[in-house]
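Enquirer: Fold the following and give me the result.
(2 chains)
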There are 2 protein chains.
Amino acid sequence: MTRTTQQLLADRNRLLGPNVSTFYDDPIHVVKGEGVWLWDADGRKYLDCYNNVPHVGHCNERVVEAICRQASTLNTHTRYLHEGILDYVERLTSTLDGALDTAVMTCTGSEANDIALRMAEGMTGKRGIIATDATYHGNTSLVSQLSQSNVPTVGFGLRQYFRFVEAPDSYRNPDPDGTKFAASVSEQIAAHEESGTGFAALVICPYFLNEGFPDHPDGWLKPVAEVVRKAGGLLICDEVQSGFGRTGTHMWAHQKMGIVPDIMTLGKPMGNGHPVGAVVTNTDILATFRKGYRYFNTFGGNPVSCAAAMAVLEELQEKNLVDNAKTVGAYARSRLDQLASKYSVIGNTRGSGLVFGAEMVLNHDDKSPASEFTDRVINAMRHRGIILSKLGRHKNTLKIRPPMPFSIENADLLFDTLDDVLAKTPVTP
Amino acid sequence: MTRTTQQLLADRNRLLGPNVSTFYDDPIHVVKGEGVWLWDADGRKYLDCYNNVPHVGHCNERVVEAICRQASTLNTHTRYLHEGILDYVERLTSTLDGALDTAVMTCTGSEANDIALRMAEGMTGKRGIIATDATYHGNTSLVSQLSQSNVPTVGFGLRQYFRFVEAPDSYRNPDPDGTKFAASVSEQIAAHEESGTGFAALVICPYFLNEGFPDHPDGWLKPVAEVVRKAGGLLICDEVQSGFGRTGTHMWAHQKMGIVPDIMTLGKPMGNGHPVGAVVTNTDILATFRKGYRYFNTFGGNPVSCAAAMAVLEELQEKNLVDNAKTVGAYARSRLDQLASKYSVIGNTRGSGLVFGAEMVLNHDDKSPASEFTDRVINAMRHRGIILSKLGRHKNTLKIRPPMPFSIENADLLFDTLDDVLAKTPVTP
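Expert: Residues are numbered from 1 along each chain as shown, chains lettered A, B, ... in the order given. Next up is the predicted model:
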């Protein structure tokens, strides 16, 4: 049976509970995906400019083939020996600085960050964590409490271990060399130490994807890394969104930002939608963690997950998708900049590779957020068959983050449509 | 390239860190699975009598077909509408008491238990959890601290919220009607209340799989459920191991034990190895949790996970695998009992359906555990091509828990071999 949208929403409420968020008030009932395209139940086609989970494209042939082949051959836990996990970790770590040479495989980025914080606790003997005030690092009891935008009232009361710094914002509060950010982290380190909690780690997305991907020059994280190390803490880079070549210039955003983290965590795009995540770190940190806890994850690193994840790395390499992100991303930025010179509602354009966007403002002087306008643009785009989203403190930044095979032609369709929508959408209704 | 066992172990140590446990000192390098069978890299065939993750059989055709079909059609998160998750939750809850009618889908049983504890916190406003002293409920920072056998030294210090009761043991400490267990839970509830923590929930596997599956009559959990409810706490049943018809008489072990939990958690066998888990509860608890935290899980409930999980339910029904567990389990118990009358080292046999085993003792009077003997038996069985394991406080209980399509013929091979191994293995070497 095929349910109508109303029936789907009613059944979701009944079977999955209230407040299960959807994209759009009139959410899309998707039934098929291929490359950068999605189809709804009525056969309508959408250009997916937002989903970073199907990193190498919806239903990517190489990934699907790897999953089918391995699922029909063997799928079991890692208490048996299997080459899949070893080949994968070897290949994954070969893309990283030599110090990042070991990994724990998990099923989700949340599980990965949950481990990373415990690694920091194990290494430092302290529990004080610092994050930005506009981030998200997952949904477990521990890491959910790192979110300031979706603050849980449940979670066994761990918020006393978390301190927050203002998220970087290159448009409204420029910090061209990262020293202001480093200073604010330094302040919170001192506050952790003074409170008796002590400082364990700073956890950040090195490209600040949830914070609105501020425009920073390469190497921007060096000052903060120095501050963290000087204080004896660990630097955790959550590359769940920023990794796997998303920024076009580097495989990992921390490389772009000029640093080597102590711990890197992975999730969403790693298996192109297959549930797989990882914590990558150095031998010393991993050994200390494993001494403190004999971690085992039944599904983590199973042969099918590793086959899916390996196929993603292979696809990235063989289709030159990181280069593609650079080329198409540069083209997209130029088209976006053209729109910015045409429509004054665009206050700022930002991004690198296949993550880019524009901040919408009512005027350029006081930069008042055009949040409601942004919402109307996104809904108009959806009805024109283009999926994108918004984010940022003021919900006024278009966030565009398509699968990595996004082409010049796709970018043209996106910006031709956006041009038309901007022309037809009054800033104040 | 194919690594030797030595190379595999060296690479595991280098790439995955120390203390990543394996089955057997001479672990098996598995390359292929089918039904109840595994094959190693040398082409050697093993009868898998232990792995409950491939619940409907290794590489089950229906599950593999469902994964391949859905992975090549669409895989995306639940912020779009899709029928897969709704059809699955509808079918899953149809196997349960009417009160258990909503679910949160996750990727692992650990994530499910991590949510369940927060639901209890949300409903009661308290944090005191009770579990047995020989259990395991997962690997997140929160739930890892529920384990007394693998106590983490990391985890942001939540152990003050956990109190433990002695695990039921029908052989050494009989409690035929469950009143002793209920009384010990009652004591810990009082201790939680006295300490100011307050009592939130009791979390148990209703068939006590990790504790050694003690021999209890149906309905045995009624007294403890009464104690928990009277104290205003929630009863969480972790059916990760005991569910999906494992015990042969019921789909869920809590039904066998005569109770309806407030929350049921699922994991391992749910997707036959595909990473999927769930928390099933009533509308009130789910709504309260979601009010306290807008939980979202990127991979949780995605179309592929739901297709895999649905195929498991279909396979169970269409192949009558719960009945099969009952029939073959009864036959296995009779063969095990015959061995018990032949070999005095077998002190006790227990189990229901396709989870059964035998406790090995040096003598029947003081029941001294024959732990070292049990180890030799398991290793001898492995070299005869039969995989099983041991558990229990004294590591002297054979744990046999094969995939659900296990046949009379498979049971004959298992027990003929076990008979021979017991005959040839001296109790004291």
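
Enquirer: so A:Asp416, which of the three states?
Expert: helix (DSSP: H, G, I helix; E, B strand; the rest coil).

Enquirer: Quick one, grab the pLDDT at it.
Expert: On the pLDDT scale, A:Asp416 is placed at 98.

Enquirer: Pull the number of nearby residues for it.
Expert: 13 (other Cβ atoms under 10 Å in any protein chain shown). The C-beta positions use only the backbone N, C-alpha and C, and glycine is treated the same way.

Enquirer: ok, now A:Arg159?
Expert: Number of residues near A:Arg159 (other Cβ under 10 Å) recorded here: 11.

Enquirer: Excluding covalently adjacent residues, which one is nearest to it?
Expert: The shortest distance from A:Arg159 to any non-neighbouring residue, by Cβ to Cβ, 6 or more residues apart in numbering or on different chains, is to A:Gln145 (5.1 Å).

Enquirer: Need the phi and psi values for the one you found.
Expert: The phi and psi values for A:Gln145, taken as degrees, to the nearest 10, are phi -80, psi 0.

Enquirer: That one reaches A:Thr153, doesn't it?
Expert: No - look at A:Gln145 against A:Thr153 with Cβ atoms under 8 Å: they stay out of range, at 10.3 Å.

Enquirer: Looking at those two now, which is surrounded by more residues?
Expert: More crowded of A:Gln145 and A:Thr153, by other Cβ under 10 Å: A:Gln145, with 24 against 12.

Enquirer: Which parts of chain A are helices?
Expert: Here chain A has its helices, by DSSP state H, at A:5-16, A:61-71, A:83-93, A:109-124, A:141-144, A:179-195, A:222-230, A:253-256, A:283-292, A:303-318, A:321-342, A:371-383, A:408-424.

Enquirer: Now distance to chain B too, for those, in CSV please.
Expert: As requested, the helices of chain A are arranged in CSV below (distance: least, Cβ to the nearest Cβ, whole Å):
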stretch, distance to chain B
helix A:5-16, 4
helix A:61-71, 4
helix A:83-93, 4
helix A:109-124, 4
helix A:141-144, 4
helix A:179-195, 14
helix A:222-230, 19
helix A:253-256, 19
helix A:283-292, 4
helix A:303-318, 7
helix A:321-342, 19
helix A:371-383, 11
helix A:408-424, 18
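
Enquirer: tell me the contacts of the residue of the stretch 301-429 of chain A found nearest chain B?
Expert: Relative to chain B, the nearest point of the stretch 301-429 of chain A is A:Asn302 (6.5 Å; Cβ to the nearest Cβ). Neighbouring residues of A:Asn302 by Cβ atoms under 8 Å, 6 or more residues apart in numbering or on different chains: A:75-78, A:84, B:273, B:275.

Enquirer: tell me the domain boundaries of chain A?
Expert: Listed domain ranges for chain A are A:5-56+A:320-424, A:61-318 (source: automatic domain parsing).

Enquirer: most tightly surrounded among those domains?
Expert: domain A:61-318 (a mean of 22; mean count of other Cβ atoms under 10 Å in any protein chain shown).

Enquirer: Now find how far off-centre that domain is within its chain.
Expert: 10 Å (Cα atoms, centre = their mean, to the nearest Å).

Enquirer: pLDDT weak spots in the stretch 251-400 of chain A?
Expert: Counting by pLDDT under 70, not a single residue of the stretch 251-400 of chain A qualifies.

Enquirer: What is the end-to-end distance of stretch A:216-235?
Expert: Chord length of stretch A:216-235, first to last residue, is 19 Å (Cα to Cα, to the nearest Å).

Enquirer: Indicate which one of the helices of chain A is closest to B:His137.
Expert: helix A:141-144 (12.7 Å; Cβ to Cβ).

Enquirer: Does the closest one pack against any helices or strands, and if so which?
Expert: Under the contact criterion of 3 or more Cβ pairs under 8 Å, 6 or more residues apart in numbering or on different chains; DSSP states H and E, helix A:141-144 touches helix A:109-124, helix B:109-124, helix B:141-144.

Enquirer: would TSV of the contacts of A:Asn302 with distance to B:Leu92 be doable?
Expert: Shown next, in TSV, are these (distance: Cβ to Cβ, whole Å):
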residue	distance to B:Leu92
A:Asn75	21
A:Thr76	24
A:His77	23
A:Thr78	28
A:Gly84	30
B:Gly273	18
B:Pro275	17
